[in-house]
Every structure is written in structure tokens, then in C-alpha cells.
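[1] Take a look and give me a structure for this.
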Amino acid sequence: MAYRTILAVVNEHSGSTVSARYALALAAAGGAELVLYSALSEGGDLNVARQTERHLDHLHAEALLHGSAVTRISETGTLTRLLPRRVLAEGADLVFYPLTPGERYGDPLQRQTTHQFLRTIRADLAVTRIMHMGKPHPRHILVPVAAVISDREARVRFLIALAKGFHSRLTLFHRPAPGKADLPDDCARLRNELRQHHLPVLERSGSGSIARAIVLEASERGALRRLFFGNPAGDVMRQPPCNAILFRPLKESS
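    Predicted coordinates:
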């Protein structure tokens, strides 16, 4: 099922505009409604408010040029309190949240804004770390995968939206089990489902410290167990070599 409403969080940082353009591309490709959203602190810095409004102006105009149905919403208050309510009010089924430059994902776990959203946002959640401002339209997307893939249907939906929205090719990257070079069964099923949608899907494998740092391990732990990149997702999201998206599918039973 395609996404119907995609919400993008926008703030004063330029990285949030790249993250929002990812949301815009997905909305335009899939005919979804786009919601551009900002929450400003009570009595906050006027320069921050002005810069955020400029970003909203540009993104709103860009969405209209793409022919997308777009709404812009600005509220005053705490983002961690307002955003989950706004997601429900707008019926959003996918949310793009950009990490701010100083936001260290996963350190410490309980005090991070992102982890509050992982618990409270009732929609698929794409947490973005934007490293390159000049690459709003990725042509090649690397997808780290584990031997066992949970919530495969939701992940397939998200990857289809990304690939079609950007006309990108996908590369599934995995760590081979000792003595085995073949793609694990769950990964092969994921690949086949993507190819059924006529998407170009490549396969790569690797080992060593780099592979351990970016591929989901079987020993998932605690609150990180449903993250797209999985453990050690925090390490990857702190300083990735390229723009990165950490995807958490909504569990209807949660």
C-alpha cells in the first residue's frame, strides 16, 4: 500500500530542507499529500524563526511546482510534545525527522529527542542524518540488511517509495555467514519482492570492521531492535560517510 500522507519536520538547519525534499520526492512520485511542519519554542530566537519560515516558504513553493498537494503548519511549543499529536491529527503514515547537527543519536538513550519519537510517533519514521547538502536526489541507495529481516512488508514499501521517488538503484549489503557466500533467505525474499516492482537491485557483501559497523546483527538489543540499520545504528548515524536514513516501521500492535 502506498503512503497517503507524508509529514516532514522543518527547522532552521539547512539539513532539514534536504530531508524535506526526500519527503517531497516520495509524495510527488506516489501522489501523497505532503505536510511541512515546524514547531518553534515559546519566546525563542527570532532569527531561528525567520530562517525556519524561509525554509518553509521555499519548500512549499517547490512542492507546488511539482504539483503536490501540500500543507504547511507551524506551531509554538515543544516539538516532542506537539509532533506526535500533529502526526495523528494529519493522519500521516510516514514522518521524516532530521537530526540536528549537534544531536548525537543514541547517547544517552533515554534523553534523546529521537528516542522519544521512536516511542510516541504512530507512523513509519525516517530519521535522517544529512551530511551533503548538494545531494537531495540520491541515485544509488545502499541498504544494509540482516540475515533475519523483521517487518519486511513495511520495509519493502519504504524502499519502493525511495527507489521510485528518486529513480534510484538499490544495493543490498550484507555480511556473509562464516563459510556461506549466498544471500540469506530473508534477504533473497526482500530482493525478489523489490524486483517484482521492476526495480534495479544489486547485491554486495563484505566483512571486517566497516561491515560490522553498518550491517544489522542478529543480536539486536532493547529499544534499538526495530531500527532499520539496527545495532550499531548509533555509530552509523553519528558520522556517516553519506546522507543516511534510519527507518523504523510502525508496529500496529505497539
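
[2] By mean pLDDT, which helix or strand of this protein comes out lowest?
    helix 209-214 (a mean of 49; mean pLDDT, DSSP states H and E).

[3] what stretches of the stretch 51-200 of the chain score poorly on pLDDT?
    105-111, 134-136, 178-181 (pLDDT under 70).

[4] Look at residue 244 and report its pLDDT.
    For residue 244, the pLDDT comes out at 88.

[5] what sits opposite it in the beta ladder?
    Judged by DSSP bridges, the bridge partners of residue 244 are residue 129.

[6] Would you confirm that it contacts residue 132?
    No - counting by CB atoms under 8 Å, residue 244 sits too far from residue 132 to count as a contact (10.6 Å). For glycine as for every other residue, the C-beta is placed from the backbone atoms N, C-alpha and C.

[7] isn't there a helix covering residue 155?
    Yes - counting by DSSP: H, G, I helix; E, B strand; the rest coil, residue 155 is part of a helix.

[8] What residues does it make contact with?
    149, 190, 228, 247, 249 (CB atoms under 8 Å, 6 or more residues apart in numbering).

[9] neighbours of the last one, just the number please.
    The number of residues packed near residue 249 is 20, by other CB atoms under 10 Å.

[10] Just the CA trace of the helix or strand where residue 24 lies, in PDB.
    Using DSSP states H and E, residue 24 falls within helix 14-30. Only the C-alpha atoms of helix 14-30 are listed here, as PDB (Å, rounded to 0.1, in the frame of the first residue of the first chain):
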ATOM      1  CA  SER A  14      19.800  23.500   6.100                       C
ATOM      2  CA  GLY A  15      19.900  19.800   6.500                       C
ATOM      3  CA  SER A  16      16.200  19.800   7.300                       C
ATOM      4  CA  THR A  17      15.400  21.100   3.800                       C
ATOM      5  CA  VAL A  18      17.300  18.200   2.200                       C
ATOM      6  CA  SER A  19      15.400  15.800   4.500                       C
ATOM      7  CA  ALA A  20      12.100  17.500   3.500                       C
ATOM      8  CA  ARG A  21      13.000  17.200  -0.200                       C
ATOM      9  CA  TYR A  22      13.300  13.500   0.300                       C
ATOM     10  CA  ALA A  23       9.700  13.600   1.600                       C
ATOM     11  CA  LEU A  24       8.600  15.800  -1.300                       C
ATOM     12  CA  ALA A  25      10.100  13.400  -3.900                       C
ATOM     13  CA  LEU A  26       8.200  10.500  -2.300                       C
ATOM     14  CA  ALA A  27       5.000  12.500  -2.100                       C
ATOM     15  CA  ALA A  28       5.200  13.600  -5.700                       C
ATOM     16  CA  ALA A  29       6.100  10.100  -7.000                       C
ATOM     17  CA  GLY A  30       3.300   8.400  -5.100                       C
END
